[in-house]
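# I'd like to go over a predicted model; first the sequence, then the structure.
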Amino acid sequence: RVIMPLSVDEYPVGQLFSVAMMSKNETGGGEGVEILVNEPFENEELGKGKYLGFCRCWLLEAPWKCMKRLGMPIRIVEQNPEFMKDNFMLKIETWHKPDKGEIQNVHNLPPDLLAKRDVVFIDIGNDPVSNYNPDEDPSKFKSSKTGRGLLTGDWQKNVNPFMCAYKLVTIEFKWWGLQNRVESYTLKAERRLFLNFHRQLFCSLDDWYGLTMDDIRELERKIKDELNQACLCN
């Protein structure tokens, strides 16, 4: 559960901007993401969301080593049919709510899965990070456009606006002798990804605040063309 000093309406703009920039910056050297479909959707059960279809460009690495670097739509299911077939599945489901993480079962899990679930709160202002970057430190960033920040101490108690990204991560890795280690590693990696991504999202607030969804679509289109061309060249 990631509490953010944003409104639910602001979050999608910042999210899509950060995803676009992350996909651009993380792609290179023959690896990366070829974006196939990138469009909004509306569903009676899930509401409005983002549908993102992509193909990975791999080098000679095990697929779980790279895992997820891109995207946080309402549901991501990542598999690797060629290498692991049905023995690997990573699913991330997300709800964005205008609260501070108080909903106990936002994903409507059945009792058996609810008993297995671990709840982890992520504090983008205070949690330690590896590969520290002072330009992506919410405890030192203050937005010149909104006045939000610095996120220090008990910032979550008094922040306004606020919202929570509820993320449910499900991992299945069926490989004798490695299953527990890989699943544990993947969950830790996902937590690190969520922490770093949301720190970047907040610290880039002045870059995307005030942009419209049309502005974001144009940015996505340009980056999509650049990444697809990079994948073809490699």
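Received, thanks.
# wait, V106 sits on Y166?
Yes - using C-beta atoms under 8 Å, V106 makes contact with Y166 at a distance of 4.6 Å. C-beta: built from backbone N, CA, C; applies to glycine.
# list residues touching both of these two?
Common contacts of V106 and Y166, defined by C-beta atoms under 8 Å, 6 or more residues apart in numbering, comprise W95, K97.
# contacting residues for F141?
Per C-beta under 8 Å, 6+ apart, neighbours of F141: G149, L150, L151, F202, C203, L205.
# and the residues you listed, which is closest to M22?
For the contacts of F141, the minimum distance to M22 (C-beta to C-beta) is 12.8 Å, reached by C203.
# show me the helices in this protein, by range?
Using DSSP state H, the helices assigned to the chain run over residues 11-26, 63-66, 111-116, 155-158, 179-203, 205-208, 213-233.
# where are the low-confidence patches of this structure?
Within the chain, the ranges that satisfy pLDDT under 70 run 26-39, 45-85, 230-234.
# on that earlier part again, can you list the helices of the chain in JSON lines and add distance to N43 and mean neighbour count?
Formatted as JSON lines, those follow (distance: least, C-beta to C-beta, whole Å; neighbours: other C-beta atoms under 10 Å):
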{"stretch": "helix 11-26", "distance to N43": "15", "mean neighbour count": "20"}
{"stretch": "helix 63-66", "distance to N43": "28", "mean neighbour count": "16"}
{"stretch": "helix 111-116", "distance to N43": "22", "mean neighbour count": "9"}
{"stretch": "helix 155-158", "distance to N43": "30", "mean neighbour count": "14"}
{"stretch": "helix 179-203", "distance to N43": "23", "mean neighbour count": "18"}
{"stretch": "helix 205-208", "distance to N43": "25", "mean neighbour count": "18"}
{"stretch": "helix 213-233", "distance to N43": "18", "mean neighbour count": "15"}
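# roughly how far does L114 sit from N108?
When distance is defined by C-beta to C-beta, to the nearest Å, L114 is 9 Å away from N108.
# hey, C-alpha coordinates of stretch 154-168 in PDB?
Written as PDB, here are the backbone C-alpha positions of stretch 154-168 (Å, rounded to 0.1, in the frame of the first residue of the first chain):
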ATOM      1  CA  ASP A 154       4.800  11.800  10.000                       C
ATOM      2  CA  TRP A 155       4.000  13.500   6.700                       C
ATOM      3  CA  GLN A 156       1.200  11.000   5.900                       C
ATOM      4  CA  LYS A 157      -0.900  12.200   8.900                       C
ATOM      5  CA  ASN A 158      -1.200  15.800   7.600                       C
ATOM      6  CA  VAL A 159      -0.800  15.600   3.900                       C
ATOM      7  CA  ASN A 160      -3.500  16.900   1.600                       C
ATOM      8  CA  PRO A 161      -4.500  15.800  -1.000                       C
ATOM      9  CA  PHE A 162      -3.800  12.100  -0.500                       C
ATOM     10  CA  MET A 163      -4.600   8.700  -2.100                       C
ATOM     11  CA  CYS A 164      -3.400   5.100  -1.800                       C
ATOM     12  CA  ALA A 165      -2.300   2.700  -4.500                       C
ATOM     13  CA  TYR A 166      -3.300  -0.800  -3.300                       C
ATOM     14  CA  LYS A 167      -1.100  -3.300  -5.100                       C
ATOM     15  CA  LEU A 168      -1.700  -7.100  -5.000                       C
END
